[in-house]
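Engineer: Quick one: sequence and predicted model below, then my questions.
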Amino acid sequence: MPTENLRVLTSASYAGPGDAGRTGSWRVLRPVIDYTKCAPAKTGKPACFFCWLYCPDSVVSKTLQPQINLEYCKGCGICAEECPPKAITMVEESKFSGADDR
Amino acid sequence: MFVFESGNVAAATGVRLARVQVIAAYPITPQTPLTEKLSEYVDSGSFDAEYVAVESEHSALAVCIGASSTSARTFTATSANGLLYMAEQLHWTAGARLPMVMCVVNRAVGAPFNIWNDHQDSISQRDTGWIQIYAKDHQEILDTVIKAYRLSEEVCIPVMVCYDGYYLSHTYMPYDVPDQVAVDAFLPPYEYRHTLGPNNPTSLNTVTLPGGRPDIHGEFAPGYMELRHNLHMEMKQAIDIYTRIDGEFAEIIGRGGNPIAEKHLCDDAEYVAVALGSMANQIKDVVVRLRDDGLKVGLLALSLYRPFPSEFLAAELADRKGVIVFEKALSFGHSGTVCADLQAALYPCASRPPVWNYILGLGGRSYQSADFYDAIRDCVERGSAKFDNPGWIGLGR
């Protein structure tokens, strides 16, 4: 172990994705956003963003078409639960080819 | 300024002089007058601290953990079962490397129910990663609380300042209260290295996996085992650091010099008694009497129990004819814990004296100076002949 680590007190992670590594491989269910229902995507206005707000891993972008970073999304489903217009569906990971996740 | 007050008030005075910012404590005999005094100070406006009334000791330490994470200087105090109710948070505080001082006013642990003094409560928590210092009089309680903040904040390890319930907590003794200006010079404000705050959103003590791993920048991030190793190494270094801090305290306040242990008539002693806390003061007189009666006996009044000063003790005790350890706690089925630790410290030495162990005073069972006198004399006269170890003083009394 490098000696400079002797002064590291404890584990800490700072705001941002991926501090615990690529956790996307943990996912069993994948959140899929239906942009015809999603409030900011439908109205073209920066509103709602409950998915961005509630995501415990900060993997949802605050953009007019919110994007989910699948490298780090663990598939917890909180975004789908919290989405007011029910625009997010949790889909079995086995339904995807696996090419776009890690 | 000299005052004549109880040990609990001495502790409260130390906490006030240390400019503690957050206090969370739950009353338990014999610690109660300490928390009452602190809440009185805060209520009267003479002490600018936040006093958080909590519903349990577990919450008391949880409040301190939160406050300490934001760089607040925090304090709590407890006794016996209250300390054990904190057990989970004790490990957390040390693992999180949060500086903090807690007074443990030593009391027997139930069952059966008992409110009197022994050391089983704090001794049973020796492996939580906290530093443990035992005070033997009121002056030491006050001074140790102040020094403990410096130590704790320098090494980022929490410190228990332990003192005997009733023997010290409720008795009155004159002691000197240092000036606030002098204490401020000794103990500057502190900032925790991982300070939590709105400008620094951080998840502290996040899950660590069994293996180390690269962080998002590809650099090795210490895992659980590295962090535990750090705690151990810095705990060991705390012995020298505490010695230096004690020296700085002596320079500014004018007292100190025995941070690890106080030696009494040790220099030419053939036999040395070892004890923690207030009973060590009583043994000082016993040693003088034994000397009058022709036995070359000394006393090593141990203050620092964790980190265990193995090298110091080996250097002091290896060449003696015998060591007698008096203890108010034990590891059931084994022996007194100080005795066991001391035997381990002496094992690598070329010359190893016999170490005799006596258990006494459990649950406040009375003991007199004559008990120490007889026990030490008995060891000296029997020499290395085998007998029950530990021996028990005061059974059936």
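Structural biologist: Perfect, thanks for sending it.
Engineer: Residue 54 - how many residues pack around it?
Structural biologist: Using chain A here. For A:Y54, the count of nearby residues is 14 (other C-beta atoms under 10 Å in any protein chain shown). Just so you know, the C-beta spots here come from the backbone N, C-alpha and C atoms, and that holds for glycine as well.
Engineer: should've been chain B
Structural biologist: Here the number of neighbours of B:V54 (other C-beta under 10 Å) works out to 16.
Engineer: again, but for the one 5 residues further on
Structural biologist: Other residues near B:S59 number 17, with proximity taken as other C-beta under 10 Å.
Engineer: quick one: secondary structure of B:L84?
Structural biologist: helix (DSSP: H, G, I helix; E, B strand; the rest coil).
Engineer: Surely it is in contact with B:D121?
Structural biologist: Yes - contact between B:L84 and B:D121 holds when scored by C-beta atoms under 8 Å: they sit 6.9 Å apart.
Engineer: any shared contact partners between these two?
Structural biologist: Residues touching both B:L84 and B:D121 comprise B:V109, with contact defined as C-beta atoms under 8 Å, 6 or more residues apart in numbering or on different chains.
Engineer: Which one's more surrounded, these two?
Structural biologist: Here B:L84 and B:D121 are set side by side on neighbour count (other C-beta under 10 Å), and the busier one is B:D121, at 24 against 17.
Engineer: Any chance of the backbone angles for that one?
Structural biologist: With angles defined as degrees, to the nearest 10, B:D121 sits at phi -60, psi -60.
Engineer: list the contacts for it?
Structural biologist: B:S79, B:A80, B:N81, B:L83, B:L84, B:V104, B:N106, B:R107, B:A108, B:V109.
Engineer: show me where chain A has helices.
Structural biologist: Using DSSP state H, the helices found in chain A span residues A:39-43, A:50-54, A:78-82.
Engineer: actually chain B, not the one I wrote
Structural biologist: Using DSSP H, helices in chain B cover B:7-17, B:32-44, B:57-69, B:80-85, B:87-95, B:120-123, B:138-155, B:180-186, B:224-253, B:278-292, B:310-317, B:337-346, B:369-382.
Engineer: just how off-centre is the first one within its chain?
Structural biologist: For helix B:7-17, the gap between its own C-alpha mean and the chain's C-alpha mean amounts to 16 Å (C-alpha atoms, centre = their mean, to the nearest Å).
Engineer: what's it in contact with?
Structural biologist: Outside helix B:7-17, the residues that reach it (C-beta under 8 Å, 6+ apart) are B:3, B:5, B:23, B:30-31, B:33-34, B:37-38, B:41, B:46-47, B:49, B:75, B:77, B:101, B:103, B:105, B:138-139, B:141-146, B:161, B:163, B:168-171, B:173, B:175, B:177-178, B:180, B:183.
Engineer: and chain A, which of those residues contact it?
Structural biologist: The overlap between the contacts of helix B:7-17 and the neighbourhood of chain A (criterion: C-beta under 8 Å from any C-beta of the partner chain) is empty.
Engineer: of these, buried ones?
Structural biologist: With burial judged by 16 or more other C-beta atoms under 10 Å in any protein chain shown, the buried subset of these is B:5, B:23, B:30-31, B:33-34, B:37-38, B:41, B:47, B:49, B:75, B:77, B:101, B:103, B:105, B:138-139, B:141-146, B:161, B:163, B:168-170, B:175, B:177-178, B:183.
Engineer: which residue sits closest to the residue in the stretch 1-150 of chain B that chain A sits nearest to, ignoring its sequence neighbours?
Structural biologist: Distance from chain A to each residue of the stretch 1-150 of chain B (C-beta to the nearest C-beta) is smallest for B:R97, at 3.8 Å. With sequence-adjacent residues excluded and distances taken as C-beta to C-beta, 6 or more residues apart in numbering or on different chains, B:R97 is closest to A:L9, at 3.8 Å.
Engineer: Same check on B:F186?
Structural biologist: What sits nearest to B:F186 in space, not counting adjacent residues and going by C-beta to C-beta, 6+ apart, is B:I252, at 4.7 Å.
Engineer: is chain A contacted by the helix or strand bottoming out on mean pLDDT in chain B?
Structural biologist: Confidence across the helices and strands of chain B bottoms out at strand B:213-214, with a mean of 71, counting by mean pLDDT, DSSP states H and E. Yes - part of strand B:213-214 sits close enough to chain A to count as contact by C-beta under 8 Å from any C-beta, namely B:R213.
Engineer: how about the residue in chain A that chain B sits nearest to, what does it touch?
Structural biologist: When scored by C-beta to the nearest C-beta, chain A has A:L9 as its residue closest to chain B, at 3.8 Å. Residues counted as contacts of A:L9 (C-beta under 8 Å, 6+ apart) are B:A96, B:R97, B:C156, B:R193, B:H194, B:L227, B:N230.
Engineer: Only the buried subset of the residues you listed, as a PyMOL command please.
Structural biologist: Those of these that meet the burial criterion (16+ other C-beta under 10 Å) are gathered into one PyMOL selection, given here:
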select buried, chain B and resi 96+97+156+194+227+230
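Engineer: Export the contacts of A:L9 as a markdown table, with columns for pLDDT.
Structural biologist: Formatted as a markdown table, the contacts of A:L9 follow (pLDDT from 0 to 100):
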| residue | pLDDT |
| --- | --- |
| B:A96 | 94 |
| B:R97 | 94 |
| B:C156 | 94 |
| B:R193 | 73 |
| B:H194 | 74 |
| B:L227 | 92 |
| B:N230 | 93 |
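Engineer: measure B:A375 to B:L360 for me?
Structural biologist: Note on B:A375: its distance to B:L360, by C-beta to C-beta, to the nearest Å, is 8 Å.
Engineer: Same drill for those two, tell me which one is more crowded.
Structural biologist: Set side by side, B:A375 and B:L360 show unequal neighbour counts under other C-beta under 10 Å, the larger going to B:L360 at 23 against 20.
Engineer: what pLDDT does that one get?
Structural biologist: According to the model's per-residue confidence, B:L360 sits at a pLDDT of 98.
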